[in-house]
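# just to be clear, the model below is a prediction. Sequence and coordinates:
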Amino acid sequence: MQPTQRRLANAIRALAMDAVEKANSGHPGMPMGMADAATALFTRHLKFDPSDPKWPDRDRFVLSAGHGSMLIYALLHLTGYARPTIDDIMKFRQLDSPCAGHPESFMLAGIETTTGPLGQGFAAAVGMAIAERHLNALYGDDLVDHRTFVIAGDGDLMEGVNHEATGLAGHLKLGRLIVLWDDNRITIDGSTELSRNEDVVARYEAMGWHTVECDGLDSGKVSQAIDKAVADARPSLIRCKTIIGYGAPGKQGTAATHGSALGAEEVAAARKELGWTDEPFVIPDDVAKGWKNLGSRGSNARAEWHRRVEASPKGKEYLARIEGKCDDSWLKPHVDGLIAKPQAVATRKASELALDAINAALPATIGGSADLTPSNNTLTKNIAVLDAGNYGGRYIHYGIREFGMAGAMNGMAQHGGVIPYGGTFMVFSDYSRPAIRLGALQKAKVIHVMTHDSIGLGEDGPTHQPVEHLQALRAIPQLTVYRPADAVETAECWAAALADDGPSLLALSRQNVRALRTKAEKSNLSAKGAYRLKGAEAARKVIIIATGTEVELAIDVAAALEEKGIGADVVSMPSTDRFDEQDDAYREDILPDVSNRDILRVSIEAGITRGWERYTGLHGLKIGLDRFGASAPAPDLYKFFGLTIEAIVPKILEKLGK
């Protein structure tokens with residue numbers, strides 16, 4: 001006899017209590033409060049197959065309220081995923097367990113995106129829903145026909161990124177997106193009345209969402225609410241009224257269940273309250289079998305989908321899209337054209353020229369901008385806008401939603417089948433940085449296009465001039481930052497970014513730069529991170545390392561030094577990250593051992609100098625600006641801040657003792 005929905009749900013509650021208690025760390029309250037709603041979703045609605053966690057047409061489930069991670073760990077274990085095992089769950093929040101404090105997409109199959117920083121899972125889910133609609137428009141219902149479900153808490157809905165993502169989803173009419181809101185009215189500080197008095201449901205309705213309310217502690221009523229959401233063409237918010245820590249008689253409904261173990265006495269009382277008589281981490285046979293049977297119900301749908309793929313003339317093409325492979329056959333003809341007709345253009349314009357070739361060659365790309373399309377140069381010819389009337393388009397107007405854009409792009413990349421890129425001003429990476437960081441943690445293949453990358457943007461002044469941003473972004477692990485010097489380097493950096501397994505960021509100029517690369521090369525030099533653009537003519541005494549728009553300045557400084565009989569290499573370093581990955585022999589060739597005091601290393605970059613000692617050495621010379629910028633035309637600013645031949649050459653001579 002199949003266990004009741006409540007008995008199935010109590011297995012989630014028991015595992016959550018036991019794991020948090022054993023770790024003496026974690027959040028038991030949310031899993032206990034949402035156990036009935038999650039049981040309804042996973043046993044009656046969600047399309048998945050634990051035997052094939054990467055099945056492309058599975059429904060996506062995102063636990064945006066990632067602090068309640070034991071909810072997803074319990075669900076994965078109970079429904080039959082290979083991991084987590086019960087041993088994994090017993091080691092919850094320990095170093096040798098995949099059951100981390102917050103769900104990590106790279107640690108367990110079945111976790112679609114890493115969550116924990118509130119609101120970001122919600123934003124990623126919006127991106128997944130966008131990707132599903134886009135691919136459905138191209139390949140049809142036979143190959144692409146799934147939904148994205150989210151469990152979100154009060155904190156998720158308070159975060160600013162939630163407002164951005166909610167507005168975007170409503171505008172795009174993403175009817176395949178269904179959010180179950182755990183409305184338990186508790187945050188860490190206490191009641192939500194301490195910090196919120198808005199009508200959340202009315203806000204969602206105003207943004208174009210369908211809303212429905214239900215008793216979140218009654219799986220039957222939750223299931224009915226999900227049916228209503230599925231039937232509506234709009235994205236849906238299901239308000240699940242729950243009690244945090246449900247089942248713990250002395251602490252339920254209070255913040256005491258939010259971020260700490262219940263304590264042995266309260267766990268024992270909860271077991272009695274729930275009628276759960278088994279020992280910790282023991283799931284009774286009837287419950288275990290019941291969950292496994294319900295977990296396997298998607299196997300027939302998966303088998304039928306595979307048959308449709310094999311029969312479809314688009315099946316192989318779709319599978320190739322999901323694999324995400326990119327070729328760079330576009331690069332050589334594009335670079336050959338640039339060399340044949342050298343152009344002095346801003347690297348943001350050079351990026352647009354590269355994107356013209358990329359978007360024609362790679363149909364998986366989906367571009368966009370946070371309301372800066374004419375400035376970012378991210379919209380190319382022959383691609384249409386993706387909107388509610390045309391999901392087959394390949395360009396999204398995100399509006400002034402930098403954080404929401406970056407979060408959605410993470411979700412699009414994790415869904416698979418698309419390669420998202422999105423633009424904004426580099427200074428506004430401050431708005432999107434949390435999503436850039438979370439994407440880097442997961443190696444989500446997103447390309448962030450950041451233009452107006454220095455004081456060279458000019459008159460907009462210090463509020464818009466990034467000075468610390470390049471080094472701050474380079475500090476993010478697993479994010480590759482590129483700052484190209486001319487049109488050829490820009491194309492090479494795009495090719496390298498597309499070949500990367502994780503996220504990349506292109507820092508691009510507003511001001512024009514002359515063509516520096518005028519000869520064809522056999523390989524992508526920028527993919528090495530740094531290379532010798534100009535070798536010393538006289539005996540080498542100086543190595544000038546520069547990035548982006550300052551590389552042409554470095555060439556001119558080197559020429560002035562050569563006139564004085566001082567040999568100077570110029571090393572263009574579009575990516576410090578890529579250079580650091582090269583073998584010792586290559587790095588030693590480009591930058592000979594810094595202990596050799598006969599060679600002075602000089603860095604030139606229109607930003608803070610902190611960090612450049614890694615390449616110049618302690619006795620090197622760092623040229624930049626360790627202060628905010630100013631409002632003036634770019635040439636005046638470069639002169640004012642000493643980024644000119646006349647200012648730099650004397651400093652080098654002084655350092656050389658000349």
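It's in.
# list the buried residues of stretch 168-175.
Of the residues in stretch 168-175, L168, A169, G170, L172, K173, L174, G175 count as buried by neighbour count, 16 or more other Cβ atoms under 10 Å. Heads up, the C-betas are built off the backbone N, CA and C, glycines and all.
# that one - what's its average pLDDT?
For stretch 168-175, mean pLDDT rounds to 98.
# and stretch 26-43, by the same measure?
When pLDDT is averaged along stretch 26-43, the result is 98.
# how about it as CSV, C-alpha atoms only?
Output of stretch 26-43 as CSV, limited to C-alpha atoms (Å, rounded to 0.1, in the frame of the first residue of the first chain):
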residue,chain,number,x,y,z
GLY,A,26,22.2,24.2,9.1
HIS,A,27,18.6,25.2,8.5
PRO,A,28,15.9,22.6,9.4
GLY,A,29,13.0,25.0,9.4
MET,A,30,12.4,25.5,5.7
PRO,A,31,12.6,21.8,4.7
MET,A,32,10.2,20.9,7.5
GLY,A,33,7.8,23.7,6.5
MET,A,34,7.9,23.0,2.7
ALA,A,35,8.0,19.2,2.9
ASP,A,36,4.4,18.7,1.9
ALA,A,37,4.6,21.1,-1.0
ALA,A,38,7.8,19.6,-2.3
THR,A,39,6.3,16.1,-2.0
ALA,A,40,3.4,17.2,-4.2
LEU,A,41,5.7,18.7,-6.7
PHE,A,42,8.1,15.8,-7.0
THR,A,43,5.5,13.0,-6.9
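# returning to that earlier point: in a markdown table, list the buried residues of stretch 168-175 along with secondary structure and distance to A256.
Formatted as a markdown table, these follow (DSSP: H, G, I helix; E, B strand; the rest coil; distance: Cβ to Cβ, whole Å):
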| residue | secondary structure | distance to A256 |
| --- | --- | --- |
| L168 | helix | 36 |
| A169 | helix | 34 |
| G170 | helix | 36 |
| L172 | helix | 40 |
| K173 | coil | 41 |
| L174 | coil | 37 |
| G175 | coil | 39 |
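# quick one: which of the residues you listed is nearest to D182?
Closest to D182 out of those is A169 (18.5 Å), distances taken as Cβ to Cβ.
# my read is that that closest one contacts A124, right?
No. Judged on Cβ atoms under 8 Å, A169 makes no contact with A124 at a distance of 11.7 Å.
# go ahead and confirm L505 touches P484.
No. Using Cβ under 8 Å, L505 is not in contact with P484, being 11.8 Å away.
# who's more crowded, these two?
Comparing L505 with P484 by other Cβ atoms under 10 Å, the one with more neighbours is P484, at 32 against 27.
# what sits against G368?
By Cβ atoms under 8 Å, 6 or more residues apart in numbering, the contact set of G368 is T378, Y395, I396, H397, Y398, M405, M409, P420, Y421, G422, G423.
# which residues does the nearest residue to M30 once chain neighbours are set aside contact?
Spatial nearest neighbour of M30, excluding adjacent residues (Cβ to Cβ, 6 or more residues apart in numbering): G68 at 3.1 Å. Residues in contact with G68 (Cβ under 8 Å, 6+ apart) are A16, H27, G29, M30, P31, M34, I151, G153.
# spatially, which two of these are the most separated?
The distance between the two most remote of the contacts of G68 (Cβ to Cβ) is 14.7 Å, for A16 and G153.
# for S105, see how far away the residue positioned nearest the centre of the chain is.
For the chain, the residue nearest the mean C-alpha position is G439 (2.7 Å; Cα atoms, centre = their mean). From G439 across to S105, the span is 11 Å (Cβ to Cβ, to the nearest Å).
# how about L372?
29 Å.
# please apply the same query to L591.
L591 is 37 Å from S105, by Cβ to Cβ.
# what does D500 give?
17 Å.
# run a quick neighbour tally on the nearest residue to T616 once chain neighbours are set aside.
Nearest residue to T616, sequence neighbours excluded (Cβ to Cβ, 6+ apart): R601, at 4.3 Å. Counted with other Cβ under 10 Å, residues neighbouring R601 total 23.
# just checking, R601 is part of a strand?
Yes. Looking at R601 with DSSP: H, G, I helix; E, B strand; the rest coil, it is inside a strand.
# that one and G620 touch, don't they?
Yes. Under the criterion of Cβ under 8 Å, R601 makes contact with G620 at 4.1 Å.
# can you list the low-confidence ranges for the chain?
Where the chain drops to pLDDT under 70, the residues are 594-596.
# run the last query once more with 90
Filtered on pLDDT under 90, the chain yields the residue ranges 1-2, 259, 325-327, 382, 593-598, 618, 658.
# pull the number of nearby residues for H415.
26.
# measure it to R321 for me?
11 Å.
# next: N376.
From N376 over to R321 the distance is 25 Å, taken as Cβ to Cβ.
# show me which of these two is the more surrounded one.
When N376 and R321 are compared for neighbours, N376 comes out ahead with 25 against 21, by other Cβ under 10 Å.
# list the contacts of that one.
R348, S369, G423, T424, F425, V449, T451.
# same thing with K443?
F106, Q478, D501, G502, P503.
# now these: which count as buried?
In these, burial by neighbour count holds for Q478, G502, P503, counting by 16+ other Cβ under 10 Å.
# format the contacts of K443 as TSV; extra columns: distance to D59 and secondary structure.
As requested, these are arranged in TSV below (distance: Cβ to Cβ, whole Å; DSSP: H, G, I helix; E, B strand; the rest coil):
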residue	distance to D59	secondary structure
F106	21	coil
Q478	28	coil
D501	26	coil
G502	26	coil
P503	25	coil
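# redo these as CSV? Include distance to A268.
CSV is the format used below for the contacts of K443 (distance: Cβ to Cβ, whole Å):
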residue, distance to A268
F106, 36
Q478, 44
D501, 48
G502, 46
P503, 47
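# ok, these vs R203, which is closest?
Proximity of the contacts of K443 to R203 (Cβ to Cβ) peaks at P503, which lies at 30.9 Å.
# isn't the closest one right next to Q478, touching?
Yes. The criterion here is Cβ under 8 Å, and P503 meets it with Q478 at 7.4 Å.
# shared neighbours of those two, anything?
A440, K443.
# mind listing what's buried along the helix or strand hosting L553?
Using DSSP states H and E, the element containing L553 is helix 550-563. In terms of neighbour count (16+ other Cβ under 10 Å), helix 550-563 has its buried residues at E550, V551, E552, L553, A554, I555, V557, A558, A560, L561, E562.
# in these, find the pair that's most separated.
The two members of those with the most space between them (Cβ to Cβ) are E550 and E562, at 18.3 Å.
# distance check, A268 against L262.
Going from A268 to L262 by Cβ to Cβ gives 9 Å.
# one step back: tell me the helices and strands packed up against the following helix or strand past the helix holding L553.
Downstream of helix 550-563, the next assigned helix or strand under DSSP H and E is strand 567-572. Strand 567-572 is packed against strand 531-534, strand 540-546, helix 550-563, with contacts defined by 3 or more Cβ pairs under 8 Å, 6 or more residues apart in numbering; DSSP states H and E.
# at 10 Å instead, please
Counting contacts by 3 or more Cβ pairs under 10 Å, 6 or more residues apart in numbering; DSSP states H and E, strand 567-572 is packed against strand 531-534, strand 540-546, helix 550-563, strand 600-604.
# for D580, find the nearest of those.
Here strand 540-546 is closest among the helices and strands packed on strand 567-572 (Cβ to Cβ), at 13.2 Å.
# centre of the chain to the closest one, how far?
Strand 540-546 has its C-alpha centroid displaced from the chain centroid by 36 Å (Cα atoms, centre = their mean, to the nearest Å).
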